[in-house]
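In: Next come a sequence and a model predicted from it.
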Amino acid sequence: MQDSRINILIADDDKDDALLLTEAILDILPSGQCTHVIDGIAALRHIKTSVEPDLVFLDLNMPLKNGINCLKDIFNLDLLPNTPIIIYSTSKNMKDIDDAYTYGASFYIVKPASFRELCKIIKLAITILGKPKSERVEKSNFVLREASLA
């Protein structure tokens, strides 16, 4: 992933969280363009009808269709076979993490407590995604959280 016109889709029902995530992303990718939708149904509609995003962030807990169910649909319908999808959530539930990994998410980010830590985690994820793609990250490196940065 290079720092040139990157279309990023953010699906999150919390406007403040989406704004914070957008700010963190644009700190790292100033030429990025973020589109925000409020649930999984709107995310699927956007994916099917708009320019294919280069990167997707899905909040886990959204109304109508949550992040895991949206991810399952993207995976099962093969909608974004080459697009990194990152689950972004406060949940540390192993079932959520396992489901995200099973259905092809690139990373599972546990929402950190501060904006500074969020920027570090987003930068780490984007740096890893920007390296030549050989294989998917090992499951042991799949979850990114503040402890990952130590």
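Out: Structure's in. What do you need?
In: chain center to the longest helix seen in the chain: distance?
Out: If you go by DSSP state H, the chain has its longest helix at helix 115-130. Helix 115-130 sits 11 Å away from the centroid of its parent chain (CA atoms, centre = their mean, to the nearest Å).
In: swap in stretch 62-80?
Out: 12 Å.
In: One more: stretch 69-81?
Out: On CA atoms, centre = their mean, the centre of stretch 69-81 falls 14 Å from the chain's centre.
In: Kindly report the same for stretch 45-59.
Out: Relative to its chain's centre, stretch 45-59 lies at 11 Å (CA atoms, centre = their mean).
In: Quick check: mean pLDDT of that stretch?
Out: For stretch 45-59, mean pLDDT is 93.
In: which helices and strands sit right next to the lowest-mean-pLDDT helix or strand in the chain?
Out: When each helix and strand of the chain is scored by mean pLDDT, DSSP states H and E, strand 143-144 comes last, with a mean of 77. Secondary-structure packing of strand 143-144 (3 or more CB pairs under 8 Å, 6 or more residues apart in numbering; DSSP states H and E): strand 107-110, helix 115-130. Just so you know, the C-beta spots here come from the backbone N, C-alpha and C atoms, and that holds for glycine as well.
In: Now do the first one, average pLDDT.
Out: Mean pLDDT, computed over strand 107-110, is 92.
In: Indicate each strand paired with that strand and its parallel or antiparallel sense.
Out: Paired neighbours of strand 107-110 in the sheet (DSSP bridges): strand 85-89 (parallel), strand 143-144 (parallel).
In: Mean neighbour count, those strands: which tops it?
Out: strand 85-89 (a mean of 25; mean count of other CB atoms under 10 Å).
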